[in-house]
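Student: Test case, fold it:
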Amino acid sequence: MAFIPLPGGIKVEVSWETGSGIAVCIHWLQKAAAGTVTSTDLSNGISLLDTWRTALRPLQPAGVIIAGIRATDWSVPDGATQFNVPSANIAGTNVSPQLPLNVAVCATHYTGLTGRSRRGRNYIPGLGESVVSVGDIVLAGMRTTIINAYQALTLAAIGVSIPFVVASFRANNLPRITGLGTVILQTAVDQYSDSQRRRLAGRGA
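Tutor: Purely as a prediction, here's the structure:
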């Protein structure tokens, strides 16, 4: 598919090394008023997601180690990019064995507007067995940890003028000419764990 720009957009990829392979979680930020993305914006994006992934370490075993965080200017083709490998707090702190890499917790982001283009999801990978209980239910305390991490990210991103957004690149099942970014207001976390291999039956659209 041809490149679709997001005006003022920054794509931030958080990567972990695990015993089962590489896990990646992508977030989108968008400069206020869709201004020109600067090197400072990219470094701020990396810092924001470094704080976010650090807050999730209680969900991940010691074998899940941060591999790097990449921020890329998505407003233009071949945009500038920065990559950083954190040197502190690099491993998870959960003492239980790691679940299979496809098992994840789904965080759903809400913007206050209706329509599929106005809500988004992130799947949190690399979890320890103690994150879920019988029946694949995610423990309430673990859900709270994720929600708090996203609330902190949402507020901090606004503070540096690159709000956390839902980025849509398709409309009516067709590619957009220009991406659409909508600022996220709230994040909720599913009660049940999910599989990233396929959508589980009965878990909604």
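Student: ok, which stretches of this protein are strands?
Tutor: Ranges of strands in the chain, per DSSP state E, are 9-18, 21-30, 65-73, 81-84, 103-110, 119-124, 132-133, 137-138, 164-171, 174-183, 186-189, 194-195.
Student: which stretch in those is the model least sure about?
Tutor: Least confident of the strands of the chain, judged by mean pLDDT, is strand 194-195 with a mean of 82.
Student: now the angle between strand 9-18 and the longest helix belonging to the chain, please.
Tutor: In the chain, taking DSSP state H as the definition, the longest helix is helix 140-159. Interaxial angle, helix 140-159 versus strand 9-18 (axes from the mean of the first three to the mean of the last three CA atoms, to 10 degrees): 150 degrees.
Student: picking up where we left off before, a markdown table please, covering the strands of the chain and showing distance to Asn148.
Tutor: Yep, even glycine has a C-beta here, placed from its N, CA and C like the rest. Output for these, formatted as a markdown table (distance: least, CB to CB, whole Å):
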| stretch | distance to Asn148 |
| --- | --- |
| strand 9-18 | 17 |
| strand 21-30 | 16 |
| strand 65-73 | 19 |
| strand 81-84 | 23 |
| strand 103-110 | 11 |
| strand 119-124 | 13 |
| strand 132-133 | 19 |
| strand 137-138 | 14 |
| strand 164-171 | 14 |
| strand 174-183 | 19 |
| strand 186-189 | 10 |
| strand 194-195 | 20 |
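Student: got those strands as JSON lines, with distance to Leu49 and mean neighbour count columns?
Tutor: Shown next, in JSON lines, are the strands of the chain (distance: least, CB to CB, whole Å; neighbours: other CB atoms under 10 Å):
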{"stretch": "strand 9-18", "distance to Leu49": "5", "mean neighbour count": "21"}
{"stretch": "strand 21-30", "distance to Leu49": "6", "mean neighbour count": "20"}
{"stretch": "strand 65-73", "distance to Leu49": "5", "mean neighbour count": "21"}
{"stretch": "strand 81-84", "distance to Leu49": "10", "mean neighbour count": "15"}
{"stretch": "strand 103-110", "distance to Leu49": "14", "mean neighbour count": "20"}
{"stretch": "strand 119-124", "distance to Leu49": "11", "mean neighbour count": "19"}
{"stretch": "strand 132-133", "distance to Leu49": "24", "mean neighbour count": "16"}
{"stretch": "strand 137-138", "distance to Leu49": "22", "mean neighbour count": "18"}
{"stretch": "strand 164-171", "distance to Leu49": "10", "mean neighbour count": "20"}
{"stretch": "strand 174-183", "distance to Leu49": "17", "mean neighbour count": "16"}
{"stretch": "strand 186-189", "distance to Leu49": "14", "mean neighbour count": "17"}
{"stretch": "strand 194-195", "distance to Leu49": "21", "mean neighbour count": "17"}
